[in-house]
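1. Structure for this input, please:
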Amino acid sequence: MPSELPPEQDRPGIPIPPPLLFVLPSLASLALEWFVPTSFVHGAFRWILGALLVFAGIALTVGGFITQKRAGTDPIPFNPSTRIVVHGVYRFTRNPVYVGFALCTLGIAMLVDSAWMLLAVPIGLVLMDRVVIAREERYLERKFGEEYLNYKRRVRRWI
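-> Below you'll find the model as predicted:
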């Protein structure tokens, strides 16, 4: 049972839209690519694996979003949560949308053949962990208490 938080406290306090934590490093990497070109993968492998990673990332992101909507809670992290979602893709990872962002970034790095953009993936993951997930988890623990802590013990943060 969620605890009743005052409206001004019933949100995780995310300071930036989460996708930007991958988009901004990706844009910086493309600027670096312009000045210092790199290449790391060639041939059909590049296109097949890149496309599969982008597709998997989109599927995870959309799947996580839809699962939360169908469960009756808002997937936008600026808004209050009404319940802990533990089914669908949330059985495997507590953050399928953010894993999806990382997979998309990795796939795009392969498709544009940029070693610089490969760096956007770990940078995005670290930023996501520190700037977004840490705040979300504190909020969910405060709001849902033992229910969220039990879920957190059962399901990994990433995969």
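2. Pull the contacting residues for Pro18.
-> Pro18 is in contact with 77, 97-98, 101, 128, 132, counting by CB atoms under 8 Å, 6 or more residues apart in numbering. C-beta here means a position set from N, CA and C on the backbone, and glycine is covered the same way.
3. In TSV, list the residues you listed along with neighbour count.
-> Shown next, in TSV, are those (neighbours: other CB atoms under 10 Å):
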residue	neighbour count
Pro77	19
Val97	22
Tyr98	27
Phe101	25
Met128	23
Val132	21
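4. What is the nearest of the residues you listed to Ile48?
-> Phe101 (21.1 Å; CB to CB).
5. Mind checking the pLDDT average for whichever strand or helix holds that closest one?
-> Taking DSSP states H and E as the criterion, Phe101 maps to helix 96-111. Mean pLDDT, helix 96-111: 97.
6. Using CSV, write down the CA coordinates of it.
-> Provided in CSV are the C-alpha atoms of helix 96-111 (Å, rounded to 0.1, in the frame of the first residue of the first chain):
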residue,chain,number,x,y,z
PRO,A,96,13.6,-1.7,-19.1
VAL,A,97,13.1,1.7,-20.6
TYR,A,98,16.6,2.8,-19.6
VAL,A,99,18.1,-0.5,-20.8
GLY,A,100,16.3,0.2,-24.1
PHE,A,101,17.9,3.7,-24.3
ALA,A,102,21.3,2.1,-23.9
LEU,A,103,20.6,-0.6,-26.5
CYS,A,104,19.4,2.0,-29.0
THR,A,105,22.5,4.1,-28.4
LEU,A,106,24.8,1.0,-28.9
GLY,A,107,22.9,0.0,-32.1
ILE,A,108,23.2,3.5,-33.5
ALA,A,109,26.9,3.6,-32.7
MET,A,110,27.3,0.4,-34.8
LEU,A,111,25.1,1.8,-37.6
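7. for the following helix or strand past it, packing partners?
-> The helix or strand immediately downstream of helix 96-111 is helix 115-127, counting by DSSP H and E. On a contact count with 3 or more CB pairs under 8 Å, 6 or more residues apart in numbering; DSSP states H and E, helix 115-127 meets helix 20-35, helix 96-111.
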